[in-house]
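Novice: kindly return the folded structure for what I paste below:
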Amino acid sequence: MKNSFEETFLKKSISVNRLAWKILEELLDKRELYGVSVDETAAGTTIVDAGINSRGGYGAGRLITEICMGGCAKAELTSKRYGDLELPTILIYSDNPLIATLGSQYAGWRINEEGYFAIGSGPGRALALKPKEIFDEIGYSDTYDKAVVVLETDKQPPDRILERLAKDCKVSFENLALILAPTSSIAGATQISGRIVETGIHKLRRLGLDPKTILHAFGFAPIAPVTPKSAIAMARTNDAILYGGTAYYTVEYDDEEKLEEIAKKAPSSASKAYGRPFKDIFEDANFDFYKIDPDLFAPAVLIINNVKTGNTYMNGETNDKALKQSFGT
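Specialist: Model prediction:
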């Protein structure tokens, strides 16, 4: 196991923006293959459209997922049967899950300024420290001179947003790259399902598990069918994780009794809102995320293996009935 010195060294030696920029270069070099378009603003900022006016696709979604995780995780595409549904599925694995998720992928950067709204995530967060309390908790930040930010949006960002992002990330305009991935695109749906590991870590953290005890992570989730209606796309991508996602964590935990109790509460089925399509749950909450039971936001199945004892806890189950309702099959 890593001691505290090794953990500190690893955190300082890993630059999520440096690793992600290398993956970005592949996306840029093969833009026609991946179905994305690339624009450069007058100031030199690179903007990748992965689904607004470009077709994007699964391949682009896979690379965007790896970029979003700061190059600290791998994503693969496959298919899996959920009840009598056969669905495209994204599989994620990481040996640096803390940095990959909370240090990069977590969609914790809400950009809402003068009529423009987007959810920001990806390695640029580790430069801007958004939100700062998470980076203080995990003891990580980045100092690279280039930044990659993934925006979940269906609109091109105006110049004032580019100025804000460059300033927050402390980089020049020409060293800033933005990837635009609307939820109602294949690339967008793919990268959202690619958040399966992060979603589980966020739930475990909320239940009191120290995320620094998580050594390795693995997960998979179905990729929701696309729809031109953004509200339905948002609901379907949530359902893909809540009712179809599985996350597996290897932890080093001292308190076995507490770990077992956390594991019981970890899957989405622990929520009183569980069982209905997210669209209906969202409507009942008057379209306010903050009125939805936070216990709902978790993988359908969550598995924890404690290396200190060898014990493994598995809770939850996939819900193909809810997936069929959500996906309109």
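Novice: switch to C-alpha atoms for all contacts and neighbour counts from now on
Specialist: OK.
Novice: which strand residues bridge Val150?
Specialist: Ser121, Ile179 (DSSP bridges).
Novice: could you report the neighbour count for it?
Specialist: The local packing of Val150 (other CA atoms under 10 Å) involves 26 other residues.
Novice: and Asp84, by the same measure?
Specialist: Asp84: 9 neighbours (other CA under 10 Å).
Novice: do the same with Pro97
Specialist: Based on other CA under 10 Å, the number of other residues close to Pro97 is 25.
Novice: Trp21 against Tyr144, yeah?
Specialist: No. Using CA atoms under 8 Å, Trp21 is not in contact with Tyr144, being 10.3 Å away.
Novice: what about those two, which has more around it?
Specialist: Neighbours were tallied for Trp21 and for Tyr144 using other CA under 10 Å; the higher tally belongs to Trp21 (20 against 16).
Novice: let me know the average pLDDT across the host helix or strand of the more buried one.
Specialist: For Trp21, the enclosing helix or strand under DSSP states H and E is helix 16-29. Across helix 16-29, pLDDT averages out at 98.
Novice: what is that helix packed up against?
Specialist: helix 58-68, strand 147-152 (3 or more CA pairs under 8 Å, 6 or more residues apart in numbering; DSSP states H and E).
Novice: relative to Ala187, which of these is closest?
Specialist: helix 58-68 (3.9 Å; CA to CA).
Novice: follow-up on the earlier one: report the backbone C-alpha coordinates of the helix holding Trp21 in CSV.
Specialist: Extracted C-alpha coordinates of helix 16-29, given in CSV (Å, rounded to 0.1, in the frame of the first residue of the first chain):
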residue,chain,number,x,y,z
VAL,A,16,-4.3,16.0,-15.2
ASN,A,17,-4.1,18.8,-17.8
ARG,A,18,-0.8,17.6,-19.2
LEU,A,19,-2.2,14.0,-19.6
ALA,A,20,-5.5,15.2,-20.9
TRP,A,21,-3.9,17.5,-23.5
LYS,A,22,-2.2,14.5,-25.1
ILE,A,23,-5.6,12.8,-25.5
LEU,A,24,-7.0,16.1,-26.8
GLU,A,25,-4.3,16.1,-29.5
GLU,A,26,-5.6,12.7,-30.8
LEU,A,27,-9.1,14.1,-31.0
LEU,A,28,-7.8,17.2,-32.9
ASP,A,29,-5.6,15.2,-35.2
